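Q: need coordinates for the below:
(one chain, ligands or ions: 1)
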Amino acid sequence: MIGKFWREFGRLIRTATFFLLIFANTPDFTHAHPSDWERRLEHKARRMEGDFYYVGLQQIADILGINTYYSNKVRKAILYVADEKITVSAFNSFVIVGKRVVQMPIPAQYDRDDIQLPVKFFIPILRKVLAGSDEVESNPVDNRTLPVNIEGVSVEDKANGTLIRIRTLAKFEESSMSTRYSRRWLYVDILGGSINPTSFVTLNQSKLIKKVVPVQMTEMLQLSFRVGKEINAEDVQFIEREGELWLSIPKSSGLSRDVVEKLKNDQEKWQIDKVVIDPGHGGRDPGTIGSSGTYEKDVVLAIAKRLKTALEKKLNIEVLMTREDDEYISLKERTQYANKNQGKLFISLHANWNRNPKVNGAATYFLGLAKSDEAIEISQLENAAIKYDDGVEHGDLNEEQIILATMAQNSYNKESQNFAAMIQDELDSETKLRNRGVKQAGFYVMLGASMPNVLVETAFMSNKREERLLNTPGFQKEIAEAIFRSVKRFKEKYEMTAANGR
Ligand SMILES: [Zn+2]
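A: I've put the predicted structure just below:
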């Protein structure tokens, strides 16, 4: 408790010192003869955060008559000024000019559907770029004024790959991180990252990573990792956690690229000719129970049987079911069964539940870290089925388990996501259910499946209208038809791409 207090206190003092130093070092940007565009920008500026004046990106573009590229999703924009590209991000103080990084003393903001830039600090950058000077003032902060915000790094080999954990004292946005791989070095750049070289802790227990080298630069920390054998840089994933940044490097298949390509071209192997349907719950595990007494395990079995018939009759696909009757099967046994029989697709069928009886609609999940409260709640609900297993450790999947499992099925994750999107699309056109979209979460039942796999939450058992619907043969048929169509679509797309060498 006391220790925590002092740590917090120290952090506060460091942050305060940081800002004091920044402002003390901030050059005076006032310009003797502001040009026309500068006056117009200042005129458009509005007072926002911390009494600073900001101007919207679109207004800058209009005044300068320049083009911009704007991604609303990541709230990042590129301005094309003179021959340079200037990249800015909302809530980020880094401005990237060509290949250089400039740090403004305060970050950009986001308001009125636009990135807002602090006039006082952004105008000097624009001025330099417009004047064609390569001497864009690198930031007014030197590294001694950056507070230490990265404490150490640890590297560990896991069953499915290698996990790099960077311990942080500050929050780093995804936009301030980048990775690069070249000649067996994996470089991780953390903009605004700062270490104390004397107290920085490196703990390397990995066989893959031979060496870890931290290099403090003016605006960023670069961590370089020497790898013992070639890795596929595209597979490296970034995950931001509370107080940590994680990088996962999935284990490569051990096959050379040529062999992998050959396998992928082997059309036989990629025929979607065997589908495993997994009706959720069963036996002593009823799943969710509706207010009129409907059991999830019964309705999902009914839908599964209809889906099986449709796939066999209309697509000539071999269909295996994890259960054909009201029997109990553990979550683990379900994927084991699918793997053993070399299924090409795994579809787990469920009905949803929410404490609010008004909540309704259908959602399809693929394996990954939950990104919303809804996804977390649902995975907890479905994972609770594990309590019916004997001799199994209970409790939820922790993030590490989920990330490692996602790494293991890295090659199927994209396909799973595509398939989930097709299912939602078909459910949308086939039924009147509200489309709750494609989501990701950590479900036990999907762990270890070595094929594309999804979990469909068909409708809400907790919603009176949907509970009634789930019991009607007509509605069960609609759901089965929608999933059937998505399998057909997936099969056509997948087999086609396999034939064309992906
Ligand atoms: Zn369920």
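Q: which secondary structure state does residue 292 sit in?
A: With DSSP: H, G, I helix; E, B strand; the rest coil as the basis, residue 292 sits in coil.
Q: quick one: it and residue 459, what's the gap?
A: Distance from residue 292 to residue 459, counting by C-beta to C-beta, to the nearest Å: 14 Å. Heads up, the C-betas are built off the backbone N, CA and C, glycines and all.
Q: quick one: which of the two has more around it?
A: Comparing residue 292 with residue 459 by neighbour count (other C-beta atoms under 10 Å), the higher total belongs to residue 459, at 26 against 10.
Q: then the helix or strand where that one lies to PDB, C-alphas only?
A: Applying DSSP states H and E as the criterion places residue 459 in strand 453-460. Taking Å, rounded to 0.1, in the frame of the first residue of the first chain, the C-alpha atoms of strand 453-460 are listed here in PDB:
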ATOM      1  CA  ASN A 453     -13.900 -21.800 -36.300                       C
ATOM      2  CA  VAL A 454     -16.700 -19.600 -35.200                       C
ATOM      3  CA  LEU A 455     -19.300 -19.500 -32.500                       C
ATOM      4  CA  VAL A 456     -22.800 -18.300 -33.400                       C
ATOM      5  CA  GLU A 457     -25.000 -16.700 -30.800                       C
ATOM      6  CA  THR A 458     -28.200 -17.100 -32.700                       C
ATOM      7  CA  ALA A 459     -30.800 -15.100 -30.600                       C
ATOM      8  CA  PHE A 460     -31.500 -14.200 -27.000                       C
END
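Q: do it and the ion come into contact?
A: No. Judged by C-beta under 5 Å from the ion, strand 453-460 and the ion are separated, with a smallest distance of 7.6 Å.
Q: next secondary structure element downstream of that strand?
A: Criterion used, DSSP H and E; the element after strand 453-460 is helix 464-471.
Q: next secondary structure after that following helix?
A: Counting by DSSP H and E, the element after helix 464-471 in chain order, helix or strand, is helix 473-499.
Q: mind listing what the residue of the chain found nearest the ion touches?
A: Nearest residue of the chain to the ion: residue 350, at 3.4 Å (C-beta to the ion). Applying C-beta atoms under 8 Å, 6 or more residues apart in numbering to residue 350 gives the contacts 280, 281, 287, 296, 300, 382, 455, 456, 457, 458.
Q: SS state for it?
A: Assigned with three-state DSSP, residue 350 falls in the strand class.
Q: the stretch 151-300 of the chain: helices as residue ranges?
A: 257-265, 296-315 (DSSP state H, counting those that start in this stretch).
Q: what residues does the last one touch?
A: By that I understand helix 296-315. Helix 296-315 is contacted from outside by 275, 277-283, 285-289, 317-319, 321, 323, 325-326, 347, 349-351, 353, 458, 461, 470-471, 473, 476-477, 479-481, 483-484, 487-488, 491, using C-beta under 8 Å, 6+ apart.
Q: just the buried residues from the contacts of residue 350, in ChimeraX please.
A: In ChimeraX, a selection of the buried entries from the contacts of residue 350 looks like this (16 or more other C-beta atoms under 10 Å):
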select :280,281,287,296,300,382,455,456,457,458
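Q: for the contacts of residue 350, give me CSV that also has pLDDT.
A: What follows is the contacts of residue 350, written out as CSV (pLDDT from 0 to 100):
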residue, pLDDT
280, 94
281, 94
287, 93
296, 96
300, 97
382, 76
455, 94
456, 96
457, 95
458, 96
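Q: elements contacting the strand holding residue 459?
A: Here strand 453-460 touches helix 296-315, strand 345-352, strand 362-367, helix 410-430, helix 464-471, helix 473-499, going by 3 or more C-beta pairs under 8 Å, 6 or more residues apart in numbering; DSSP states H and E.
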